[in-house]
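Student: what's the 3D shape of this:
(2 chains)
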There are 2 protein chains.
Amino acid sequence: MVVVGTGLIGTSIALALRGHGVEVLLTDRDQAALAMAVELGAGTALPDGAAAGPADLAVLAVPPAAVAVTLLDAQKRGLATAYTDVASVKALPLAQAAELGCDLSSYVAGHPLAGRERSGPAAARGDLFLGRPWALCPAPGAAPDAVAAVTALAETCGAQPVTVDAAEHDRAVALVSHAPHVVSAAVAARLTGADDTALGLAGQGVRDVTRIAASDPRLWIGILSANAAPVADVLEAVATDLAVAASLLRDGSEGAAAHVADLLLRGNAGRARIPGKHGAAQKAYATVTVVIPDRPGELAMIFQAAGIAGVNIEDVTIEHSPGRPVGALELAVAPEAAETLAAELRARGWSVPG
Amino acid sequence: MVVVGTGLIGTSIALALRGHGVEVLLTDRDQAALAMAVELGAGTALPDGAAAGPADLAVLAVPPAAVAVTLLDAQKRGLATAYTDVASVKALPLAQAAELGCDLSSYVAGHPLAGRERSGPAAARGDLFLGRPWALCPAPGAAPDAVAAVTALAETCGAQPVTVDAAEHDRAVALVSHAPHVVSAAVAARLTGADDTALGLAGQGVRDVTRIAASDPRLWIGILSANAAPVADVLEAVATDLAVAASLLRDGSEGAAAHVADLLLRGNAGRARIPGKHGAAQKAYATVTVVIPDRPGELAMIFQAAGIAGVNIEDVTIEHSPGRPVGALELAVAPEAAETLAAELRARGWSVPG
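Tutor: Predicted coordinates:
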């Protein structure tokens, strides 16, 4: 296996493959990034020029605009028998590859739906793709062997392969990823002019809405530019909804308020359509809240008590209290197990509010 | 202490006070909500008509539009010697109270910055205010005793009292709470028309951006209507930024892309201004990732190992893998403790990638 480009995604794929004992050859124009990836155990540097023979698969983990030229170069060098990429957009690289005269039978466009706010090989993780969707957009003439090789790659990384048309993929990610990114940035951008008192009143809501606004702008401008029309469509629709909501709020009549409430109701409906962590419909867990001293060993005792009660913890959130030595621990469990867990923890002396 | 209104916030305050042994009398026009709050241990029902004598403090936990009339009624009945409310907007209730001829010396407007996507007394939690800011907006003529009583209420609930001018408060919450709410709804609303394939590609980003879009529209339309102008100001600015970004993306030139990148950079800057969970600047924790089988007892053993290594876990995230029996556990720890923890866990046989 060859990985071209040792950024966050390329290095994470390499680490995942190494974890399964796969030999990985790495290459990057940025020698520092390549050295870091090698040091992290992601593989060995591809010898200058080319490998001994073609690899089964070459993963082109380069920015969207660089996919087609990198593919052409790799195919000219006979780097592998099959090729894929990991760019967040698919129609543009495919069109450019066709235009450049790349061999489209050995190329299967791909996109693992995973990322972090941090970038570069140092942020890479072999488990980045665990349970995530991995879109595959084979062109009509793609060789079955190439499709099989890329499907196996996704599965080896622990992801779920999803075959989808390139244009459909691009419209989908504009909606569920690219446009939300710009909107998050636009909300966060408003905070640059705020005073410290205002920011001191920030709660969890604005933190969640603006979390992805911390992402790398250089990376994202490449993605947005390569998927410009579908992203612009969504942004225009959101901008219109917000401008209309603003003018309805200024109107102040009850009829106007009802229209704003309508947008909130549509928001409820849209939110409910996002599948849960387990891939299916959102599973409703019950939450058991425990007040805990912020010290080593406390969580171990609580999880031990849960184990003794035979209760499986599905999710955990810790809410710290600034300047105080206690926090609130939220344990998500199956609804039928909540009472058992609460009783067990209370019996062992923890405070489990009502 | 009297709590008027046994919804999420009123009942949560009552539960927090009961946790400190304070006597709480509850009242609500909705008899079912009142009965539920009493059953949850939030206090006893206020006897019909009035209490035996005035309470030290009455908390009016009613919607923004109902604060002034509820205050007038409570003052006429001599319910307490001091009054506060918990509405998410402050200028409108204060203006309405003055207009109705309420006694503004015994009233200190308040707003605990806490909430949940769920509402009603059943969702109430005594720890809801732990570590959260609690805004106080005393009018110029407010009695020092009344200010002290409301400050003590916030502190008893574990919150941090923050004194702020009412108009300034309203502009601040428009920016850090109300407008982000509408924006979250507008992004989520786009998902109503999406097909299942598109939704299957949804990652953590859109989940975070749309989390608060699951909130109760009836509650929120009241808040937005009562803070209409400041919210509209923010929404218009966001709508303009998004419409401009859309048109720049369609333009497609490098100069246009640079302008979009500018918005992303402003997003970075705004996001970085939000204080961290501990109230001060965001503390950088290191993350140790462990691959775990999804079964009871596993977390207990990991936290036990952390305790033995003397490492305090600051935060926990569990990433499930759909259809697979393993997940990724992310442990946030002090940067200097990360290596110790990783080594301890590896020595005990867990897989701690790179």
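Student: element containing the residue nearest to the spatial centre of chain A?
Tutor: Closest residue to the average C-alpha location of chain A: A:A114 at 3.2 Å, with CA atoms, centre = their mean. When elements are assigned from DSSP states H and E, A:A114 belongs to no helix and no strand.
Student: any idea how far it lies from A:L128?
Tutor: Using CB to CB, to the nearest Å, A:A114 is found at 5 Å from A:L128. (Each C-beta comes from the backbone N, C-alpha and C, glycine too.)
Student: what residues do these two have in common as contacts?
Tutor: A:9, A:12 (CB atoms under 8 Å, 6 or more residues apart in numbering or on different chains).
Student: for the stretch 251-354 of chain A, what spans make up the helices?
Tutor: Here the stretch 251-354 of chain A has its helices, by DSSP state H, counting those that start in this stretch, at A:254-272, A:298-308, A:338-347.
Student: who's in contact with the longest one?
Tutor: In this case it means helix A:254-272. Contacts for helix A:254-272 (CB under 8 Å, 6+ apart): A:241, A:244-245, A:248-249, A:282, B:182, B:184-192, B:210-211, B:213-215, B:217-218, B:220-221, B:224-225.
Student: need the strands for chain A, in chain order.
Tutor: Counting by DSSP state E, chain A has these strands, from start to end: A:2-4, A:25-27, A:44-45, A:58-60, A:83-85, A:107-112, A:133-138, A:160-163, A:286-293, A:315-320, A:326-333.
Student: possible to save these as a markdown table with distance to chain B, mean pLDDT and mean neighbour count?
Tutor: Below are these laid out as a markdown table (distance: least, CB to the nearest CB, whole Å; pLDDT from 0 to 100; neighbours: other CB atoms under 10 Å in any protein chain shown):
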| stretch | distance to chain B | mean pLDDT | mean neighbour count |
| --- | --- | --- | --- |
| strand A:2-4 | 15 | 97 | 26 |
| strand A:25-27 | 14 | 96 | 23 |
| strand A:44-45 | 16 | 95 | 13 |
| strand A:58-60 | 18 | 98 | 28 |
| strand A:83-85 | 16 | 98 | 30 |
| strand A:107-112 | 8 | 97 | 27 |
| strand A:133-138 | 5 | 95 | 24 |
| strand A:160-163 | 6 | 93 | 17 |
| strand A:286-293 | 6 | 78 | 18 |
| strand A:315-320 | 4 | 69 | 18 |
| strand A:326-333 | 5 | 75 | 21 |
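Student: In the stretch 1-150 of chain A, which residue sits closest to chain B?
Tutor: A:G131 (3.3 Å; CB to the nearest CB).
Student: List the buried residues for stretch A:303-313?
Tutor: A:303-307, A:309, A:311-313 (16 or more other CB atoms under 10 Å in any protein chain shown).
Student: Low-confidence bits of the stretch 251-354 of chain A, can you list those?
Tutor: Within the stretch 251-354 of chain A, the ranges that satisfy pLDDT under 70 run A:276-284, A:294-296, A:319-328, A:353-354.
Student: run the last query once more with 90
Tutor: Within the stretch 251-354 of chain A, the stretches with pLDDT under 90 are A:254, A:275-336, A:348-354.
Student: Would you mind confirming that A:H181 makes contact with A:I212?
Tutor: Yes - using CB atoms under 8 Å, A:H181 is in contact with A:I212, at 5.6 Å.
Student: Burial check on A:L130, number of neighbours?
Tutor: Applying other CB atoms under 10 Å in any protein chain shown, we find 23 residues neighbouring A:L130.
Student: again but with A:G349, I slipped
Tutor: A:G349: 8 neighbours (other CB under 10 Å).
Student: next one: A:D30
Tutor: If we define neighbours as other CB under 10 Å, then A:D30 has 14 of them.
Student: Check the gap between it and A:P47 for me.
Tutor: Counting by CB to CB - A:D30 and A:P47 are separated by 18 Å.
Student: Check A:G200 too.
Tutor: Separation of A:G200 from A:P47 (CB to CB): 56 Å.
Student: who has more neighbours, these two?
Tutor: A:G200 (19 against 10).
Student: quick check: domain ranges of chain A?
Tutor: Chain A breaks down into these domains under automatic domain parsing: A:2-164, A:170-251, A:286-347.
Student: Off-centre distance for the first one?
Tutor: If you compare the mean C-alpha spot of domain A:2-164 with that of the full chain, they lie 17 Å apart, counting by CA atoms, centre = their mean, to the nearest Å.
Student: my guess is A:A245 contacts B:L235, does it?
Tutor: Yes - judged on CB under 8 Å, A:A245 makes contact with B:L235 at a distance of 5.8 Å.
Student: low pLDDT regions in the stretch 51-200 of chain A?
Tutor: Scanning the stretch 51-200 of chain A for pLDDT under 90 picks out the ranges A:51-53, A:114-128, A:130-133, A:140, A:196-197, A:200.
Student: what's the neighbour count on the residue lying closest to A:G78 once chain neighbours are set aside?
Tutor: Using CB to CB, 6 or more residues apart in numbering or on different chains and skipping residues adjacent in sequence, the residue nearest A:G78 is A:P54, 5.2 Å away. Neighbourhood size, A:P54 [other CB under 10 Å]: 16.
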